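Student: below is the sequence, then the predicted model.
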Amino acid sequence: MRPGVGVSPGNVPVYYGGGHLKAVERRVKVVEVVLRWVIFGLGVLAAALVASDTQVTTIFSLEKKAKFTDMKALVFLVIANAIAAGYSLIQGLRCVVSMIKGSVLFDKALALVIFSCDQVMAYVTLAAVAAAAQSAVLGEFGQSELQWMKLCNLYRKFCSRVGEGILSSFVVSLGMVSLSALSAFNLFRLYGSNKGKSRGS
């Protein structure tokens, strides 16, 4: 049997280490870097769009200013995107440094921490988007049964910009889900590699 090649329980050749592992690691790392920087950029954009969104309208001769702090779902969305952007910035820098140094992730503890954090961020961003989307639907269509008016008829500019922020946040959440899958691959690859080596020894 060639060096670096093991046999799985189904007698299928499995490659451990060497050039094959490094090539896969490089491709995964490039995808991870791109995703993390995209999430960083869109997270900052989403948080800025929603947090800076205001509109003043006159209702019955009274001026009313709409801002994101009027809705807890939008506050949650801004906070979630800010955290996701900061987290992705840190992880993105880590990935760039590891690529420059040519190092490969072989630390199970670090891989587990990254996997866990990516999972948490994926759940948080998805929850934030779901909550904001529900509030946006109520603002756009109202709720006639409860006599809730269509607020977006009064604050069209405000609602349009919030919609752009929610769309950016949705892409952020999809990116975090994809990163969770990559983190799972990195984590389970370590365990699978060690299992294969023990079989080959």
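Tutor: All right, it came through fine.

Student: poorly predicted segments of this protein, please.
Tutor: Within the chain, the ranges that satisfy pLDDT under 70 run 1-24, 102-106, 142-148, 192-201.

Student: what is the burial count for residue 70?
Tutor: By the measure other C-beta atoms under 10 Å, the count of residues near residue 70 is 14. Any C-beta I mention is one placed from the backbone N, CA and C, and that applies to glycine too.

Student: return the residues in contact with it.
Tutor: Not one residue lies near residue 70 by C-beta atoms under 8 Å, 6 or more residues apart in numbering.

Student: which strands and helices sit next to the longest helix seen in the chain?
Tutor: Longest helix in the chain, counting residues (DSSP state H): helix 156-200. Here helix 156-200 touches strand 5-7, helix 18-51, strand 54-59, helix 72-101, helix 108-141, going by 3 or more C-beta pairs under 8 Å, 6 or more residues apart in numbering; DSSP states H and E.

Student: kindly recompute the last result at 7 Å.
Tutor: strand 5-7, helix 18-51, helix 72-101, helix 108-141 (3 or more C-beta pairs under 7 Å, 6 or more residues apart in numbering; DSSP states H and E).

Student: ok, the residue most central in space within the chain to residue 169 distance?
Tutor: Central residue of the chain (C-alpha atoms, centre = their mean): residue 176, 2.4 Å from the mean position. Shown here: residue 176 relative to residue 169, a distance of 10 Å by C-beta to C-beta, to the nearest Å.
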